[in-house]
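In: Okay, here's the prediction I keep looking at, along with the sequence it came from:
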Amino acid sequence: MPVLWWSSKQSTARISAALQTESLVFPGGKGYPDAEALNSVILGDNLAVMSALLPAYAGRINLIYADPPFYTNRRYPARIGRGEDSRRPRDWKLAEGYPDHWRDLDAYLDMLYPRLVLMHRLLAPTGSLYLHLDWHANAYARVLLDEIFGAERLLNEIIWVYHGPSPIRSAFNRKHDTILAYTKSERYTFNADAVRQPYDSSTVKAFAATPKAGFGKKPNLERGKVPEDWWYFPVVARLHRERTGYPTQKPQALLERILLASSNPGDLVADFFAGSGTMAVAAAQLGRNYIASDVAPRAVQTMRARLAGETTASFKVQMVQTQPGGEDGLPQSSQERQLSPELFSREIVEGGVRITLDASLLPNLEYWEADPAWNGNVFRSAVQVVRPRRKLLTADQAHVPLVPGSAPICVRLIYANGEMAQALLAKPAGGAGSL
């Protein structure tokens, strides 16, 4: 079998790493404070993240979706403005998203290859990998996956087709991505009935018109068909209800089809290039457990807000820490700006404390949350306030449970530019009143 070779090729990288839990998030307060968090959002280089996961998760992950950089040699900014006209990109307020810039193809393959090897080790014996790329590097990736999984383990080469403007005038417009689906063994999950779709109306009419349609082989028209290996889904730029502003975000319907086909409720799925967290959101909504990681703090902040606002299952927020002698897994500690308690009013109400943010805190605020009893170690988020999509401002009030004891209330704020801030608030003393 042909093997792809380059001078710096190395399948393994020795990284000694561990995960540190920074927060436990209970969306809407559900399960606070004791519900077990079966899901994880991890900040750090995914080579270190997967190395840290191996002792506990080798051979246990049922499905991995990977959407790495495509080798486009571009840099992708994130949109952080409010109320902007989508038709006027020159007026958009932008911030750093993620880079997809490489010295050469060898450097790109040095990134991709060892990560694919680790994904193979993490997959369960019946697990599947869906690798999402485009024309820039998918041919190289397929040869690598043939080497790692075996050429016979290619399940499908899926083409995702979409529309959109293009500046190309010297060739056909490039309007598709390639998703390479591989299984770890000949025993794998594929739920055909979960992804069936209606037959086209012209097909239904043809079979109704003559018994000779389909050369006499009539399908079960009521049951529908398993989709072909080319899929049409609109890009997120056309889906205003999904758009987060994070670059190259994928449509949720695409991820839902992959999850429904190649995993079951209760399975563990992973996305180690998680970006805006669409895989994690879709997994949680479909009853799967997830691990989602990204090296970019902005990505983790976007995921955290989405999962808090769109799902109900609790999750851990973790950071990877490398041991002496290992590579840097990013970052080692959080650096929140400390805010004055005077910027938060507190009023005892039935069952808790109403916290109101000062108006000066609201501009560009994306998300804020509260731990009713901060222990100085792990932040337990029982209340989350997420800015609604297409709204200019985040709500300034929240009801926080009043937990007995002297531990303060900790409030954390996340801004559109990526800045984080927090304040420690003393609980109002007994009875009605405010601070």
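Out: Great, that's in hand.

In: This protein: helices as residue ranges?
Out: Along the chain, counting by DSSP state H, helices occupy 46-57, 105-122, 138-149, 201-209, 252-262, 278-285, 297-310.

In: Throw these into a markdown table and include distance to P219, thanks.
Out: All C-beta spots, glycine's among them, are computed from the backbone N, C-alpha and C. Below are those laid out as a markdown table (distance: least, C-beta to C-beta, whole Å):
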| stretch | distance to P219 |
| --- | --- |
| helix 46-57 | 41 |
| helix 105-122 | 36 |
| helix 138-149 | 31 |
| helix 201-209 | 8 |
| helix 252-262 | 19 |
| helix 278-285 | 29 |
| helix 297-310 | 36 |
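
In: Determine which stretch of those is the most buried.
Out: helix 278-285 (a mean of 26; mean count of other C-beta atoms under 10 Å).

In: relative to helix 297-310, how tilted is that one?
Out: 20 degrees (axes from the mean of the first three to the mean of the last three C-alpha atoms, to 10 degrees).

In: Quick one, which of the helices of the chain gets closest to I179.
Out: helix 252-262 (7.8 Å; C-beta to C-beta).

In: contacts for the closest one?
Out: 62-63, 65, 128, 130, 160, 179, 181, 188-192, 194-195, 227, 231, 233, 242, 269, 278-279, 281-283, 286, 288 (C-beta atoms under 8 Å, 6 or more residues apart in numbering).

In: Extract the CA atoms of it and return them as CSV.
Out: C-alpha atoms of helix 252-262 as CSV (Å, rounded to 0.1, in the frame of the first residue of the first chain):
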residue,chain,number,x,y,z
GLN,A,252,-25.8,22.1,12.9
ALA,A,253,-27.8,20.0,10.5
LEU,A,254,-24.6,18.6,9.0
LEU,A,255,-23.3,17.5,12.4
GLU,A,256,-26.7,16.1,13.4
ARG,A,257,-26.6,13.8,10.4
ILE,A,258,-23.2,12.5,11.4
LEU,A,259,-24.2,12.0,15.0
LEU,A,260,-27.4,10.2,14.2
ALA,A,261,-25.7,7.9,11.7
SER,A,262,-22.6,7.0,13.6
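
In: let's number from 301 now, not from 1
Out: From this message on, residue numbering opens at 301, which makes the last subject helix 552-562.

In: Now do that helix against helix 578-585, angle only.
Out: Helix 552-562 and helix 578-585 are oriented at 60 degrees to each other (the same axes, to 10 degrees).

In: chain center to helix 552-562: distance?
Out: Taking C-alpha atoms, centre = their mean, to the nearest Å, the mean C-alpha location of helix 552-562 is offset from the chain mean by 13 Å.

In: What of stretch 417-434?
Out: For stretch 417-434 - counting by C-alpha atoms, centre = their mean - the centre lies 16 Å from the chain centre.

In: One more: stretch 336-351?
Out: Per C-alpha atoms, centre = their mean, the centroid offset for stretch 336-351 relative to its chain is 12 Å.

In: For it, measure first residue to last.
Out: 23 Å (C-alpha to C-alpha, to the nearest Å).

In: Now do R654 against P355, distance only.
Out: Distance, R654 to P355, by C-beta to C-beta, to the nearest Å: 45 Å.

In: Brilliant, that's me finished.
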